[in-house]
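Colleague: Here's a sequence, model it:
(chains A and B)
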Amino acid sequence: MLSVKNLHASVGDKEILRGIDLEVRAGEVHAIMGPNGSGKSTFASVLAGNEKFTVTEGEVSFLGRNLLEMPIEDRAREGLFLGFQYPVEIPGVTMANFMKMAVAEQRKYRGEEPLTAAEFLRMMREKCAVVELDPKMTSRAVNEGFSGGEKKKNEIFQMAMLAPKLSILDETDSGLDIDALRIVATGVTKLKTADNATVVITHYQRLLDYIVPDYVHVLYKGRIIHSGDKSLALKLEREGYDWLINDYKE
Amino acid sequence: MGFSDYMLSDSCRQSAGSELRFDGGQAAPVAVCNPGRLSVAVADGAQARLVLSHGAGCCSTVDVAVGDGASLSIVELFVGGRSTMRIAQGAASRVALTSVVAGDGSAEYRTALDGAQAECDLGCVFLAGDDEHAQVKIRVEHNVADCRSASTVKGVAAGRGEGRFEGMVYVAPDAQRTDARQTSRNLTLGDEARITTLPQLEIYADDVKCSHGATVGQMDSDAVLYMRQRGLSEDAARRLQIEGFVADVVMRCAVEEAGEALLAELNAKLERL
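Modeller: Numbers count the residues shown, from 1 in each chain, chains lettered A, B, ... in the order given. Predicted coordinates for the structure are as follows:
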């Protein structure tokens, strides 16, 4: 589904990603871990198409197409979803209106019939339930005045609404108390099918108690330096990163 | 449905006279197109609703007297045109106004709160497209004690458009316990758009709650990115953000039934910005 080969990216003249290789197939869950400043969020942003970063080398194909050539919105319409680490507030734009436009644009791109108002409302109610989000929240402005937990639940609600092929969740667990973490993680697990894939970027093993990964990768200084199965996350939790990164320190 | 369609529909009573008197309860809104010289009187305790539209080249002066305990709701749309509205409010009277200047045009309001416990809420939007000049001026005079006023003005300028807001809250020496708020929020699109905002307070009483604030900002590129990541085109994301910026003023439309038509005019204008 996603194939990343030797990806390099910079912001200004500072190189942040220094040759990432990653293969993600349908039905898989990948976790990307690593110390602060290793390039995890940059990797997510580059895949989503954030123009702040320049790709200097490498290839990314998504469902057989060259991802790097597509504008941000086409990546989304092809089925790539980014759960933001810091969801943005949009004053005056209600969640319902925002999702109505997003769903409509994505369906149009895929040549699907537009949803009727009743179908859309039913879908919103169903998807709110996935993350135990009060449906009343959808008539509030996007993320405005939402608590940290509500913002992250709202990201997963949007993921449920858009039913992406590949979801990249950038530190969706940061700033969550244990109940919100459980709700968010359970939501992600409910949305998992054999046809979609998830990449979770996280600092903490605790998220992986709920979202069990097939692969765990350690990102350090812009490269994946080690990969393993879910036991790697437990080992990292116990022993930290030192045993892995010593060889790479300058 | 556009605003002029709304004004001609059965939900309004058209009027072409130069004097309007309201003596009773709240009936259908009275619609006046290009009012010119107009005087409006709302009797003590009466309720009234007024819808005005101003076209290009039209210059109007509207004098409004709102009696004790009376209430008046006003909606105005400027598609060109200039107008000065002077409003005198009696004790415990209430005025709510929603006004949109879409393109070239000037809306000026001078409200005198002359009776205790009078209240006024003014919500204005001005939109200046390329080479257009849109302005809103508001002067609220708190002449007696215990009155409340709130003005919210939102401006958008695009291309080489220019927008201007001048606001003045005057509090007379005896107008104690005045509660006056004034907000000016503005958005410039592109490097050549200009907005000037001049919020001012002149206070001669000492026991008052007054606030004013003004900001001029640009599009939030993080919000545009966020919306594009959900599949909206860049244009759609920008428009949605601008719509959201001015939405709250129009959502609280003083004459509720006119809200939709006003929003349609606003969105049509935004599409051309």
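
Colleague: Which residues are in contact with the closest residue to A:K190 other than its chain neighbours?
Modeller: Nearest non-adjacent residue to A:K190, counting by CB to CB, 6 or more residues apart in numbering or on different chains: A:V130, 5.6 Å away. From N, CA and C alone the C-beta is placed, and that goes for glycine too. Neighbour list for A:V130: A:I156, A:F157, A:A160, A:G187, A:K190, A:L191 [criterion: CB atoms under 8 Å, 6 or more residues apart in numbering or on different chains].

Colleague: Put the buried members of the residues you listed into a ChimeraX selection.
Modeller: To isolate the buried ones among these in ChimeraX, judged by 16 or more other CB atoms under 10 Å in any protein chain shown, type:
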select /A:156,157,160,187,191
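
Colleague: And the contacts of A:V130, which two are furthest apart?
Modeller: A:F157 and A:K190 (11.9 Å; CB to CB).

Colleague: List the contacts of the residue of the stretch 151-273 of chain B found nearest chain A.
Modeller: Of all residues in the stretch 151-273 of chain B, the one sitting closest to chain A is B:G244 (3.0 Å; CB to the nearest CB). By CB under 8 Å, 6+ apart, the contact set of B:G244 is A:I90, A:P91, A:G92, A:V93, A:A141.

Colleague: Each with direction, which strands does the host helix or strand of the second one pair with?
Modeller: When elements are assigned from DSSP states H and E, A:P91 belongs to strand A:90-94. Paired neighbours of strand A:90-94 in the sheet (DSSP bridges): strand A:141-142 (antiparallel).

Colleague: the helices in the stretch 151-273 of chain B, which residues?
Modeller: Using DSSP state H, counting those that start in this stretch, the helices found in the stretch 151-273 of chain B span residues B:221-229, B:234-251, B:259-272.

Colleague: Show me which of the ones you listed has the highest average neighbour count.
Modeller: helix B:221-229 (a mean of 22; mean count of other CB atoms under 10 Å in any protein chain shown).

Colleague: so what's the closest residue to chain B within chain A scoring on pLDDT?
Modeller: Residue of chain A nearest chain B, by CB to the nearest CB: A:G92 (3.0 Å). You'll see A:G92 listed with a pLDDT of 88.

Colleague: How many residues are close by it?
Modeller: Neighbour count of A:G92, defined by other CB atoms under 10 Å in any protein chain shown: 21.

Colleague: one step back: CSV please, covering the helices of the stretch 151-273 of chain B and showing distance to B:A27 and mean pLDDT.
Modeller: Formatted as CSV, those follow (distance: least, CB to CB, whole Å; pLDDT from 0 to 100):
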stretch, distance to B:A27, mean pLDDT
helix B:221-229, 43, 95
helix B:234-251, 24, 90
helix B:259-272, 19, 88
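
Colleague: Chain B against chain A: which residues are in contact?
Modeller: Counting by CB under 8 Å from any CB of the partner chain, the positions of chain B adjacent to chain A are B:220, B:222-223, B:225-234, B:236, B:240-241, B:243-248.

Colleague: Let's see that with 6 Å instead.
Modeller: Within reach of chain A by CB under 6 Å from any CB of the partner chain, chain B has these residues: B:222-223, B:226, B:228-233, B:240, B:244-245, B:247-248.

Colleague: Distance to A:E15 for those - can I get that in a markdown table?
Modeller: Output for the residues of chain B next to chain A, formatted as a markdown table (distance: CB to CB, whole Å):
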| residue | distance to A:E15 |
| --- | --- |
| B:D222 | 23 |
| B:A223 | 28 |
| B:Y226 | 26 |
| B:R228 | 25 |
| B:Q229 | 24 |
| B:R230 | 29 |
| B:G231 | 30 |
| B:L232 | 31 |
| B:S233 | 31 |
| B:L240 | 35 |
| B:G244 | 37 |
| B:F245 | 38 |
| B:A247 | 42 |
| B:D248 | 44 |
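
Colleague: quick one: contacts for B:R228?
Modeller: A:I72, A:E73, B:A237 (CB atoms under 6 Å, 6 or more residues apart in numbering or on different chains).

Colleague: can we see that at 10 Å?
Modeller: B:R228 makes contacts with A:48-51, A:71-76, A:102, B:234, B:236-238, as judged by CB atoms under 10 Å, 6 or more residues apart in numbering or on different chains.

Colleague: now swap in A:S139 and tell me
Modeller: A:S139 makes contact with A:T94, A:M95, A:A96, A:N97, according to CB under 10 Å, 6+ apart.

Colleague: Are we agreed that the last one is in a helix?
Modeller: In this case it means A:N97. Yes - judged by DSSP: H, G, I helix; E, B strand; the rest coil, A:N97 forms part of a helix.

Colleague: Give me the nearest residue to it, chain neighbours excluded.
Modeller: Nearest non-adjacent residue to A:N97, counting by CB to CB, 6+ apart: B:L240, 7.8 Å away.

Colleague: Helices of chain A, start to end?
Modeller: Applying DSSP state H to chain A gives helices spanning A:40-48, A:72-77, A:95-109, A:117-130, A:148-162, A:178-190, A:230-239, A:242-245.

Colleague: Serialize the ones you listed to TSV and add fields for mean pLDDT.
Modeller: Shown next, in TSV, are the helices of chain A (pLDDT from 0 to 100):
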stretch	mean pLDDT
helix A:40-48	95
helix A:72-77	96
helix A:95-109	95
helix A:117-130	93
helix A:148-162	92
helix A:178-190	88
helix A:230-239	87
helix A:242-245	82
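
Colleague: so which of the ones you listed gets nearest B:A65?
Modeller: Short answer: helix A:95-109, nearest of the helices of chain A by CB to CB, at 40.5 Å.

Colleague: I'd guessed B:A180 sits against B:R139; true?
Modeller: No - when contacts are counted by CB atoms under 10 Å, B:A180 is not listed as touching B:R139 (11.7 Å).

Colleague: and for the two, which residues touch both?
Modeller: Common neighbours of B:A180 and B:R139, counting by CB under 10 Å, 6+ apart, are B:S151, B:V169, B:Y170.

Colleague: okay, the first one: pLDDT?
Modeller: What that stands for is B:S151. Confidence score, pLDDT, at B:S151: 97.
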